[in-house]
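Asks: got a sequence here, can you model it:
(one chain, ligands or ions: 1)
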Amino acid sequence: MTDTSFAQPLRIFLAGHQGMVGRALYRLLEQQPGIELLVRSRKELDLTRQADVEHFFAAEKPDWVIIAAAKVGGILANQNLPADFIYQNLMIEANIVHSSWQTGVKRLMLLGSSCIYPKFAEQPMQEECLLSGVLEPTNEPYAVAKIAGIKLCESYQRQFGSDFRSVMPTNLYGPWDNFHPEHSHVVPGLMRRLHDAVVEKAPAVSVWGSGKARREFLHVDDLAAAVWLVMQQTTEHYASLTSPQCSHINVGSGHDISIAELAVAIAEVVGFRGELLFDSAMPEGTPRKLLAVDKMTTLGWLPQITLRQGLKDTYQWWLAQQVVG
Ligand SMILES: NC(=O)c1ccc[n+]([C@@H]2O[C@H](COP(=O)([O-])OP(=O)(O)OC[C@H]3O[C@@H](n4cnc5c(N)ncnc54)[C@H](OP(=O)(O)O)[C@@H]3O)[C@@H](O)[C@H]2O)c1
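Replies: Predicted structure coming up:
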């Protein structure tokens with residue numbers, strides 16, 4: 001059901017092209033024929049500024065838009081900067097969605113996150129369980145902004161017939177992930193701490209939480225392929241997979257592992273042979289998070305990169321960055 005009805009070149013505005021997801025999409029899209037990619041760094045266009053975004057859209061008139069720009073971070077960043085997370089994400093989404101509608105963008109894709117689902121949602125989480133229970137408090141402001149993003153797309157679809165879509169990726173990792181010592185997600189955070197422990201010959205490393213929480217991980221290149229596949233579906237086919245009140249699609253690997261298993265896998269990749277000490281006093285978020293991915297598999301999409309291979313590649317990428325830096 002791939003849509004081939006668009007005139008070429010197709011001008012696609014890729015917002016957030018310098019982030020981990022944006023770069024993966026850029027790598028994929030620059031190889032596709034008939035596409036002209038429009039990109040702006042944050043310095044050139046701050047997407048929280050409404051007048052600047054309106055001016056950009058009016059001048060450039062993209063055909064399609066992908067929103068991979070967002071304020072993103074791990075548990076600690078979400079706890080320390082709740083206002084930044086809700087304000088910046090709401091502004092980026094509202095400005096881009098509204099300007100897209102104003103300037104006649106024909107198709108838009110918003111990237112959300114699996115944290116939109118209730119803390120105790122039935123597993124694996126179907127798209128329909130959105131707004132059926134309380135959210136995980138550690139990242140509630142971020143999740144509320146992401147839910148607002150889905151509802152923005154849905155509302156413009158219902159009121160104006162805009163073809164505005166959204167996908168909800170699970171936890172992602174890969175090249176250009178954020179390895180900040182405090183603001184990173186679990187994969188780069190653990191990778192960096194275990195690497196440092198090897199360098200410093202530390203006998204043990206403490207890991208946040210009991211290690212029992214279960215999470216799903218997807219390599220960012222697999223996500224990029226999924227986003228592009230969903231984006232290429234005809235309006236009718238996308239509508240047949242979704243509904244006017246539940247217009248988003250989950251993207252995940254379909255498998256979860258415990259944080260303890262993840263820590264062991266990363267320790268093997270970086271060569272750490274010491275002890276892993278699980279600190280149950282630290283927050284660990286939702287007990288289990290696994291997405292139901294039936295809609296993606298219906299489209300014929302399956303992840304191509306195993307967690308083990310993806311972790312190895314990500315570590316090699318990060319080591320190479322250390323040398324370059
Ligand atoms: N990472 C994950 O595990 C994960 C999981 C599920 C969903 N997602 C979703 O995927 C999307 C991308 O995430 P990511 O991991 O790629 O994040 P990222 O690496 O932090 O990239 C975000 C990008 O957005 C840009 N940006 C942020 N605020 C901006 C602003 N005001 N104006 C212009 N650009 C701005 C950043 O620019 P700078 O480079 O200048 O900061 C950066 O290039 C997000 O919607 C996120 O919710 C990510």
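Asks: tell me the SS of Ala24?
Replies: Under the three-state scheme (DSSP: H, G, I helix; E, B strand; the rest coil), the conformation of Ala24 reads as helix.
Asks: which residue is the nearest non-sequential neighbour of Pro287?
Replies: Setting aside the residues directly before and after it, Pro287 is nearest to Ala213 in space (C-beta to C-beta, 6 or more residues apart in numbering), at 5.7 Å. Just so you know, the C-beta spots here come from the backbone N, C-alpha and C atoms, and that holds for glycine as well.
Asks: phi, psi for that neighbour please.
Replies: Dihedral pair for Ala213: phi -60, psi 140, per degrees, to the nearest 10.
Asks: count of neighbours near it?
Replies: Residues contacting Ala213 under the criterion other C-beta atoms under 10 Å number 20.
Asks: do I have it right that it meets Thr286?
Replies: Yes. Judged on C-beta atoms under 8 Å, Ala213 makes contact with Thr286 at a distance of 7.2 Å.
Asks: tell me which helix or strand Met296 sits in.
Replies: When elements are assigned from DSSP states H and E, Met296 belongs to helix 294-298.
Asks: ok, back up a step: ok, now how distant is the residue nearest to Pro287 from Leu194?
Replies: Taking C-beta to C-beta, to the nearest Å as the measure, Ala213 and Leu194 are separated by 18 Å.
Asks: angles on the backbone of the residue of the chain found nearest the ligand, please.
Replies: With distances taken as C-beta to the nearest ligand atom, the chain approaches the ligand most closely at Gly19, which sits 1.9 Å away. Torsion angles at Gly19 (phi, psi; degrees, to the nearest 10) stand at phi -90, psi 180.
Asks: state the pLDDT value of the closest residue to Val105 other than its chain neighbours.
Replies: Once flanking residues are discounted, Val105 sits nearest to Val65: 5.2 Å by C-beta to C-beta, 6+ apart. Confidence at Val65, expressed as pLDDT, is 98.
Asks: bridged to Val65, which residues?
Replies: Using DSSP bridges, the bridge partners assigned to Val65 are Phe13, Leu108.
Asks: tell me if I'm right that it and Arg11 touch.
Replies: No. In this structure, Val65 sits apart from Arg11 without contact. The criterion is C-beta under 8 Å, and the distance is 9.7 Å.
Asks: which one of those two is surrounded by more residues?
Replies: When Val65 and Arg11 are compared for neighbours, Val65 comes out ahead with 24 against 16, by other C-beta under 10 Å.
Asks: OK, contacts around the more buried one?
Replies: Under the criterion of C-beta atoms under 8 Å, 6 or more residues apart in numbering, the contact partners of Val65 comprise Ile12, Phe13, Ala15, Ile96, Ser100, Val105, Arg107, Leu108, Met109.
Asks: what's the distance between it and Asp46?
Replies: Spatial separation of Val65 from Asp46 under the definition C-beta to C-beta is 17 Å.
Asks: same check, this time on Leu81
Replies: Here the criterion is C-beta to C-beta. By it, Leu81 lies 17 Å from Asp46.
Asks: just Gly211 next, same as before
Replies: Counting by C-beta to C-beta, the gap from Gly211 to Asp46 is 40 Å.
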